[in-house]
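> Got a predicted structure here, sequence first:
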Amino acid sequence: METAVEVAEKVQELVTSLASLPPAASEEDNIDRLQHLERAKRALAAAQATATNAFVEQRKAHEAGMRITTSEQLKGIEAEVGLARGESPFVGAALTYTATALCNVLPKTYAALADGRVSEYHARIVAEQTSHLSDAHRREIDGLIAHRVGKASSSQLRKLIQGHAYRLDRKAAEQRAAQNRRDRRVCLDPGSDGLSYLTAELPTHQAVAVMDALEKLTNQRLAAHRRQQTQAAAAGDTPEAIGDESLSRDQVIADIFVELLTGQTTADGVTAEVVVVMHDTSLFGNDDVPAWLPGHGPLPAGMVKHWLADPAAAKFFRRMYTRATDGQLVALESKRRHFPEGLSKMLAIRDDTCATPWCNSPVEDADHRKSWAQGGATSWENATGLCKRCNQRKENRGWSYTGTPDLLMVTTPTGHQYTVPTRPPISQLRHDTTDPPIGPIDIAWPAAA
Ligand SMILES: [Zn+2]
C-alpha cells in the first residue's frame, strides 16, 4: 500500500512538470498537447473514481464493524467526496454515484475513462442513464455501447442508452418516468447582471401545455397592440403618443409569465419580498460598490436606487451597522431557542448561500453550531446559515461545524478540515477593505403584498 505522503509527492511531481512545460512550437503541437492533456485528465478522473469507490467500501466495512445498520451506513459520504473535490454536496453525490457504478457495473466505460478514450462527463452520463436498471442490465448496456463511448455526442449517447434501456426493461423505464414526475419542481438560480433563472422541471406534456398557453396569450397581446397602433396611426397620432415600445416577442412572453404567476396587472408592479443589502455610500452617494441580493448576488447600485425610488414599491428601511475594520455585520443576541427573525435575516445576508464550503443551496436554517442541547447559545457567535440538507448531515457521526462569526470550520469523519471565511460577500467587493469605516449598511425591502 502506498502512503498518503508518497501519493502527494507523485502528484506534486506531475503538477510541477505540467507547470514547467515549455511553450509548444506550432499550432499543430498545441492541438497535440490539448489531446495529451485531455487524456491525462480522463485518466486522473478514473483514478479519482477508484479512490472514491474504495473509500465507500472502506466506510461500509468500518461501519458494519461498528454494528451500524445498513440503512444508517454511509450517511454524509457524498458531502465528504464533494468537499475533497471542491464541489457542492449535490455534485459530490453525483460523483460518488458515478464512481461506484463505474467501478462495479460499468467495466468497459471505466476502462475507456482510465485509457483516456471517454470524458468524465460522458462516463457520468452512462452511469446516470442506467441508474434505474438492474446490475445485469447495466453491464449489458455497458458492453452494447462500448464501441460508441467516446465517439458519440452527449445527446447521442443518452438516446442510445435510453433505447437499449427501454428494450431491456420497459417496466423500469416506466417506473423511472413516474419517479421523474414525482420529482417535478421549480427552482430559482442567479443569472447575471440583474437576471435570474426560474426553472420548472415538469412532465413534458405539462411543460408543452404551459408554453402553448403563454404563446397564445402573447399572440393575443401582440395582435391587440398592432391593432392599437394601426388605429392610432389612422387617427394621426405619433408613435410616442400611442406608447410604441416595440417590445420583442420574448419580452412580451416573459412579462405575461410574471403577470400570470404574481397576479399583477403589469410585470413591473411586483411586490415580492426581496432583501437588498447596499452600502450607504452606494445608496446616498456615488460609490461604485454594487448592491447585493442575498442568495442571488450583486446588482448594479443604480438599478436598485431606481427601483427604491419607484413610489409604487412599498418599502421600509432597516439600518444595520457593520464593524468598521472589515464590514462584518454586528451581533444580536437572544435567549430564545429559535433565532429571532432579525438574526435569521442577518445570517442570510452574511452567509448569502449555505455556509458549507462550495454548497450553492439557499440558506434555509439558522443553525446552532454548538447545538442547543449541548448548551450552545442562540447567538450571532454560535449561528451559521445552512441549507436543510447540510444542517441534517452535520448531526451525523464524525461531523462538526465550529468557528466564529468570521469563519467556519467543517470537520468530516476522516478528520479533514475545511475552513471558509464568513463575511457578507458585499464587504469583499470594496477595492480596499482597510478603508475608513464602511458605516451603516441599509437593508430595504418592499412590504409583502
Ligand atoms: Zn448546504
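Yes, it's here.
> S400 against T411, yeah?
Yes: between S400 and T411 there is a contact under C-beta atoms under 8 Å: 4.6 Å. Using the backbone N, CA and C atoms, a C-beta is placed for each residue, glycine as well.
> Which parts of the stretch 51-200 of the chain are helices?
Using DSSP state H, counting those that start in this stretch, the helices found in the stretch 51-200 of the chain span residues 77-84, 89-104, 107-114, 120-129, 135-144, 154-168, 170-182.
> list the helices and strands the last one packs on?
With contacts defined as 3 or more C-beta pairs under 8 Å, 6 or more residues apart in numbering; DSSP states H and E, the packing partners of helix 170-182 are helix 154-168.
> which residues are in contact with the helix it packs on?
By C-beta atoms under 8 Å, 6 or more residues apart in numbering, the residues outside helix 154-168 that reach it are 121-122, 125-126, 129-130, 132-133, 137, 140-141, 144-145, 148-149, 152, 172-173.
> any idea how this protein splits into domains?
In terms of domains, the chain is parsed into 4-183, 196-268, 276-325+430-445, 341-422 (source: automatic domain parsing).
> tell me the mean pLDDT for the longest one?
To tie it back to what came earlier, the one meant is domain 4-183. Mean per-residue pLDDT for domain 4-183: 93.
> ok, the residue of the stretch 51-200 of the chain at minimum distance from the ion - contacts?
In the stretch 51-200 of the chain, the residue that lies nearest the ion is P89 (6.2 Å; C-beta to the ion). Residues in contact with P89, defined by C-beta under 8 Å, 6+ apart, are E78, A79, G82, T356, C359, R389, C390, R393.
> Can you check the pLDDT for the closest residue to T404 other than its chain neighbours?
The shortest distance from T404 to any non-neighbouring residue, by C-beta to C-beta, 6 or more residues apart in numbering, is to E381 (6.7 Å). Here the pLDDT value assigned to E381 is 84.
> One more: the one 5 residues further on?
At L386 the predicted local distance difference test score is 92.
> Can you tell me the closest non-neighbouring residue to it?
L386's closest residue in space is D367 (C-beta to C-beta, 6+ apart), at 4.7 Å.
> Specify the local secondary structure of that neighbour.
Recorded secondary structure, D367: strand (DSSP: H, G, I helix; E, B strand; the rest coil).
> Can you show me the strands along the chain?
Using DSSP state E, the strands of the chain run over 185-190, 196-201, 276-279, 291-293, 297-299, 316-320, 365-368, 383-386, 400-404, 407-411, 417-421, 441-445.
> worst average pLDDT in these?
Least confident of those, judged by mean pLDDT, is strand 441-445 with a mean of 39.
> about what we covered before: look at S400 and T411 and report which has more neighbours.
Applying other C-beta atoms under 10 Å to S400 and T411 shows that T411 carries more neighbours, namely 16 against 13.
> Next, find the distance separating the more buried one from E381.
T411 sits at a distance of 19 Å from E381 (criterion: C-beta to C-beta, to the nearest Å).
> Can you tell me the closest non-neighbouring residue to C103?
Spatial nearest neighbour of C103, chain neighbours left out: N53 (3.8 Å); criterion: C-beta to C-beta, 6+ apart.
> For burial, what's the neighbour tally of that neighbour?
Using other C-beta under 10 Å, N53 has 19 other residues around it.
> wait, doesn't it sit right on T100?
Yes: assessed by C-beta under 8 Å, N53 is found in contact with T100 at 5.2 Å.
> Pull the CA coordinates from stretch 32-44 and hand them back as CSV.
Only the C-alpha atoms of stretch 32-44 are listed here, as CSV (Å, rounded to 0.1, in the frame of the first residue of the first chain):
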residue,chain,number,x,y,z
ASP,A,32,-1.5,17.6,-29.8
ARG,A,33,-0.8,19.0,-26.4
LEU,A,34,-4.5,19.6,-25.8
GLN,A,35,-5.2,16.0,-26.7
HIS,A,36,-2.5,14.6,-24.5
LEU,A,37,-3.6,16.7,-21.5
GLU,A,38,-7.2,15.7,-22.0
ARG,A,39,-6.2,12.1,-21.9
ALA,A,40,-4.3,12.7,-18.7
LYS,A,41,-7.3,14.5,-17.2
ARG,A,42,-9.5,11.5,-18.0
ALA,A,43,-7.0,9.0,-16.5
LEU,A,44,-7.0,11.2,-13.4
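> Please spell out which residues along that stretch are buried.
By neighbour count on 16 or more other C-beta atoms under 10 Å, the buried set for stretch 32-44 is R42, L44.
> just use 688 as the starting number from now, easier for me
Got it, first residue is 688 now, which makes that one stretch 719-731.
> what separates it from the chain centre, distance-wise?
In terms of C-alpha atoms, centre = their mean, to the nearest Å, the centre of stretch 719-731 is set 28 Å apart from its chain centre.
> Identify the residues contacting it?
L705, L708, A711, L800, A801, D802, G803, R804, V805, S806, E807.
> where does P1092 sit relative to the ion, distance-wise?
18 Å (C-beta to the ion, to the nearest Å).
> Give me the distance between that residue and P1111.
To P1111, P1092 is 11 Å away according to C-beta to C-beta.
> Ok, G763 next?
Going from G763 to P1111 by C-beta to C-beta gives 28 Å.
> One more: H809?
Look at H809 and P1111: by C-beta to C-beta, they are 40 Å apart.
> contacting residues around the most centrally placed residue in the chain?
By C-alpha atoms, centre = their mean, the chain has its centre lying nearest to N1047, at 3.9 Å. Shown in contact with N1047 (C-beta under 8 Å, 6+ apart): S775, F777, T1040, C1041.
> Hmm, C1046 and the first one touching each other?
Yes: applying C-beta under 8 Å as the test, S775 and C1046 come out as touching, 4.8 Å apart.
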